[in-house]
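Engineer: only geometry, no sequence info:
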């Protein structure tokens, strides 16, 4: 996706320092958006773009000033590279030997948790299109293998979920 915004970068901001230098191109709009709660803080946009892209295992954004009168942002989203980068990160964190010892359902649960941060039995049921009788043992097995941690106060706790160890 390409986004082109009219106007040059502010004087103190360059393509090289834009991640570390905070300066709003339109402080009036930025202030109103912050006051309305639509943005978390002023001047967070560029770093947030980098963080979000990294969080989704995507290549970093590409900023340029193509005609010296506007700023262009290119965001690449390739499902193939995203899956490959996620799988590489998962193998790096858990170890390839651990991943090689898992079945199809266990791998699906781990990939979901790696992307979302946590999983419930119901979420795994929906992901696998299987019953609770199938999903619950998958997650318990990953706990037994030392890959996941169960969070909850008891078996009937409605907020129980699993996260990576």
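Structural biologist: Structure's in. What do you need? These numbers come from a predicted model, not from an experiment.

Engineer: so what's residue 17 scoring on pLDDT?
Structural biologist: Looking at residue 17, its pLDDT stands at 87.

Engineer: which ones are touching it?
Structural biologist: Listed by C-beta atoms under 8 Å, 6 or more residues apart in numbering, the contact set of residue 17 is empty. Any C-beta I mention is one placed from the backbone N, CA and C, and that applies to glycine too.

Engineer: excluding its backbone neighbours, what's nearest residue 15?
Structural biologist: Counting by C-beta to C-beta, 6 or more residues apart in numbering, the nearest residue to residue 15 once its immediate chain neighbours are dropped is residue 63, at 5.5 Å.

Engineer: Packing partners of the helix or strand the one you found falls within?
Structural biologist: Element membership of residue 63, judged by DSSP states H and E, is strand 62-64. In terms of contact count using 3 or more C-beta pairs under 8 Å, 6 or more residues apart in numbering; DSSP states H and E, strand 62-64 is assigned the packing partners strand 70-74.

Engineer: I'd like the average pLDDT over the strand it packs on.
Structural biologist: Averaging pLDDT along strand 70-74 gives 91.

Engineer: Stretch 44-60 too?
Structural biologist: Stretch 44-60 comes out at a mean pLDDT of 80.

Engineer: Tell me the buried residues in it?
Structural biologist: By 16 or more other C-beta atoms under 10 Å, the buried positions in stretch 44-60 come out as 45, 46, 49, 53, 57, 58.
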